[in-house]
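Q: Quick one, structure for this:
(one chain, ligands or ions: 2)
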Amino acid sequence: MLNRRNLLKAAAGAGAVGLFPWERVTAAASESAVAMGDAAPTTPFAHAMPLPPVLRPSVSTPTADVYRLRMAESSLEIVKGLRSTVRTYGGSLPGPTIKAVRGRKAIVHQTNGLAVDTAVHLHGGHVRSEDDGLPMDTIAPGATRTYTYPNQQRAALLWYHDHAHHLEAENVHMGLHGQYLITDEQERRLPLPKGRYDVPLVIRDARVEADGAFVYTRPSDCPHLLVNGKERPYFTVEARKYRLRVLSACVNRYLGLRFADGAEFTQIGADGGLLDAPVTRDSMTVMGGERVDIVVDFSRYRAGSSVVLENTLAGGGERTEVLRFDVVGAAEDPSSVPSLLSTLPPVPRADVEREFVLRTYPQMTINDKLYDPARVDVRTTLGSNEVWTVTNAEPPIARPDFHVWHSFHTHLVPFRVLDRNGRGPGPDDAGLKDTVTLAPGETVRLAMTWSGYAGTYLYHCHQLGHSSSGQMGRIDVVAP
Ligand code: C2O
Ligand code: CU
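A: Numbers count the residues shown, from 1 in each chain. Ligands and ions are numbered 1, 2, ... in the order given. Have a look, this model is predicted:
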């Protein structure tokens, strides 16, 4: 547990300001915080890392695949030897992966078998407003709603997660999140690692009590880090290249990921699919909602050796291990990373400029307003090319341990990061993005075109404790 001394040590020692702003700012989390007992001990590498199940269509037509999912409470083993009751899509955490092919529709019937309202948002999806899972378009307990996803967008790892008004942080934390993978011809033709060498890593934090109870609370009280639903697992890999699709489903924390030996990896994609060219990196910062698509070459390791993926932004006293890769014998590897991965759409030139300021004090706001589903904050026209300047207003108290990070996410369309603090995009900003990180005081400029569908959409901080508390706005896209 954090005490004041650890807190200061963490803030001073980690070089990452603002590790523990959570104590004050995740109102939703504190409101629903239950009386906690002792967390179960965290024991790294006690589980093999599972792969999320793949959802099978219940019907396939020449143009569409039809799926059925039921949200329900499920009892799962997340920490070794304990059973935890979580909220799931289809009985697993993370929920099953929906594999979509560009040009084929996916129709998903979602039944709410839980006792709370839900709304299913496809994060990164280019979909009609009525299929976007808006906060007020909820599915009542016992009801079913059908979402239609056209899949007329480039190959990318998206994810579906809860978005019910004021409930999204708790519902997602309690397990309502799953992957949605779109593939296309262009990507399939590339010689990248495929099949069982293309692996999702869904990373998130959790708190499991000594008796197995799974609770939603502040991230500084969440000592368990899960990959694909198991606490700090190990994964056996062959000595060859793997494509790892990192998705952070953390609700209120951000991760700094690197290999413990400092090994380099190649980033090939971001939120909105493949980059134009690969980038060599040795660390990354990942906020809840962001996806980072990387290729790691394990042939550099001897058979029998291991390498640990660690979290450089673990809190004071927290474990840093995330996942251990155990390398077994050499394998054939026909895969490679081409120097040209994809063609990104041209960066739009702005017809319209807008500004957004994200504030923590006195409340979680955007442009000093709390989210109101009945208020239109931005009205724009279909086809509008825009540049949005988004700032994380520094809190008025100069205390390193209370600086609050935010992020910014747009529904319907992705964006390009034009610059960060006036200096060109940062290392985490490459490619098409739909969620960006904003450290205290930072400003990013984002370019996007509001295309495809007219209707009501959202933009918000993807620290879901913040959006649940009101750090969200409504954008209405109208036909010209
Ligand atoms: Cu991933 Cu509006 O959310
Ligand atoms: Cu925020």
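Q: Tell me the pLDDT of residue 37.
A: Per-residue confidence (pLDDT) for residue 37: 83.
Q: what residues are up against the residue lying closest to it once chain neighbours are set aside?
A: Nearest non-adjacent residue to residue 37, counting by C-beta to C-beta, 6 or more residues apart in numbering: residue 209, 5.3 Å away. C-beta coordinates here come from the backbone N, C-alpha and C atoms, glycine included. Residues in contact with residue 209, defined by C-beta atoms under 8 Å, 6 or more residues apart in numbering, are 36, 37, 38, 39, 40, 215.
Q: now the last one, which residues is it bridged with?
A: Spelled out, that is residue 215. Beta-bridge pairing for residue 215 (DSSP bridges): residue 207.
Q: Please tell me how far the residue nearest to residue 37 sits from residue 77.
A: According to C-beta to C-beta, to the nearest Å, residue 209 and residue 77 sit 14 Å apart.
Q: Residue 442 contacts residue 393, doesn't it?
A: No - at 10.1 Å, residue 442 does not count as touching residue 393 under the criterion of C-beta atoms under 8 Å.
Q: For my notes, confirm residue 466 occurs in a helix.
A: Yes - under DSSP: H, G, I helix; E, B strand; the rest coil, residue 466 sits within a helix.
Q: so which helix or strand takes in the residue found closest to residue 59 once you drop the neighbours it is linked to in the chain?
A: Distances taken as C-beta to C-beta, 6+ apart put residue 66 closest to residue 59, at 4.2 Å, once the chain neighbours are dropped. Using DSSP states H and E, residue 66 maps to strand 64-76.
Q: What strands line up against that strand, and which way round?
A: By DSSP bridges, strand 64-76 pairs with strand 59-60 (antiparallel), strand 84-89 (antiparallel), strand 105-112 (parallel).
Q: Phi, psi for the residue minimising distance to the centre of the chain please.
A: Central residue of the chain (C-alpha atoms, centre = their mean): residue 289, 2.1 Å from the mean position. Phi and psi for residue 289, reported as degrees, to the nearest 10, are phi 100, psi -20.
Q: so it sits right up against residue 407, yeah?
A: Yes - Residue 289 lies in contact with residue 407 (C-beta under 8 Å); the separation is 6.7 Å.
Q: Pull up the overlap in contacts between these two.
A: Joint contacts of residue 289 and residue 407 (C-beta under 8 Å, 6+ apart) are 435, 462.
Q: tally of neighbours for the residue nearest to residue 479 when sequence neighbours are not counted?
A: Nearest residue to residue 479, sequence neighbours excluded (C-beta to C-beta, 6+ apart): residue 454, at 4.6 Å. By the criterion of other C-beta atoms under 10 Å, residue 454 has 16 neighbours.
Q: From residue 416, how far out is residue 454?
A: Look at residue 454 and residue 416: by C-beta to C-beta, they are 23 Å apart.
Q: and what of residue 312?
A: For residue 312, the distance to residue 416 - C-beta to C-beta - is 27 Å.
Q: quick one, which of those two is more surrounded?
A: Per other C-beta under 10 Å, whichever of residue 312 and residue 416 has more neighbours is residue 416, with 21 against 15.
Q: Now tell me what touches the host helix or strand of that one from outside.
A: Using DSSP H and E, residue 416 sits within strand 416-420. Contact with strand 416-420 is made by 344, 347, 387, 425-426, 429, 431-433, 436, 442-448, as judged by C-beta under 8 Å, 6+ apart.
Q: Next: stretch 55-74.
A: 85-93, 95-100, 104-114, 118, 175-176.
Q: try it again with 6 Å
A: With contact meaning C-beta atoms under 6 Å, 6 or more residues apart in numbering, stretch 55-74 is reached by 85, 88-91, 96, 98, 105-114, 118.
Q: And for stretch 453-471?
A: Residues outside stretch 453-471 that contact it (C-beta under 6 Å, 6+ apart) are 26-29, 128-129, 166, 168-169, 172, 251-252, 288-289, 358, 364, 366, 370-371, 382, 406-407, 409-412, 435, 472-473, 475-479.
Q: ok, which of the residues you listed also contact ligand 1?
A: Filtering the contacts of stretch 453-471 for neighbours of ligand 1 using C-beta under 6 Å from any ligand atom leaves 289, 409, 411.
Q: How much space separates the last one from ligand 2?
A: The span separating residue 411 from ligand 2 equals 16 Å under the rule C-beta to the ion, to the nearest Å.
Q: show me the contacts for residue 90.
A: The neighbours of residue 90, taking C-beta under 6 Å, 6+ apart as the test, are 69, 96.
Q: Any regions of the stretch 351-480 of the chain where pLDDT drops low?
A: For the stretch 351-480 of the chain, the stretches with pLDDT under 70 are 395-402.
Q: Okay, strands next: where are they in it?
A: 352-359, 365-366, 378-381, 384-392, 406-410, 416-420, 435-438, 443-450, 455-460, 472-478 (DSSP state E, counting those that start in this stretch).
Q: that older thread, quick one: buried residues of the strand holding residue 66?
A: Neighbour counts over strand 64-76 (16 or more other C-beta atoms under 10 Å) mark 64, 65, 66, 67, 68, 69, 71, 74, 76 as buried.
Q: same check, this time on stretch 201-218
A: Neighbour-count burial for stretch 201-218, counted by 16+ other C-beta under 10 Å, picks out 201-209, 212-218.
Q: From those residues, which one has the minimum pLDDT?
A: Out of the buried residues of stretch 201-218, that is residue 218, at 90.
Q: Tell me the spacing between that residue and residue 252.
A: With C-beta to C-beta as the criterion, residue 218 and residue 252 are 7 Å apart.
Q: so what's the residue in the stretch 201-350 of the chain that ligand 1 sits nearest to up against?
A: Ligand 1 sits closest to residue 289 of the stretch 201-350 of the chain, with a gap of 4.7 Å, by C-beta to the nearest ligand atom. Taking C-beta under 6 Å, 6+ apart, we find residue 289 in contact with 409, 435, 462.
Q: swap the cut-off to 8 Å and go again
A: Counting by C-beta under 8 Å, 6+ apart, residue 289 makes contact with 123, 159, 248, 271, 407, 409, 434, 435, 462.
Q: now, among these, which is nearest to ligand 2?
A: Nearest to ligand 2 among the contacts of residue 289 is residue 407, at 6.4 Å by C-beta to the ion.
Q: Go ahead and confirm the closest one touches residue 434.
A: No - using C-beta under 8 Å, residue 407 is not in contact with residue 434; the gap is 10.4 Å.
Q: re the thing from before, kindly reformat the contacts of residue 289 as CSV containing neighbour count.
A: CSV is the format used below for the contacts of residue 289 (neighbours: other C-beta atoms under 10 Å):
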residue, neighbour count
123, 23
159, 26
248, 25
271, 24
407, 24
409, 25
434, 26
435, 24
462, 27
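Q: what helix or strand is residue 134 on?
A: Counting by DSSP H and E, no helix or strand carries residue 134.
Q: so residue 196 sits in a helix?
A: Yes - the assignment for residue 196 (three-state DSSP) places it in a helix.
Q: Can you report how many residues neighbour it?
A: Neighbours of residue 196 (other C-beta under 10 Å): 9.
Q: Going forward, count from 51.
A: In the new count, where the first residue is 51, that last one comes out as residue 246.
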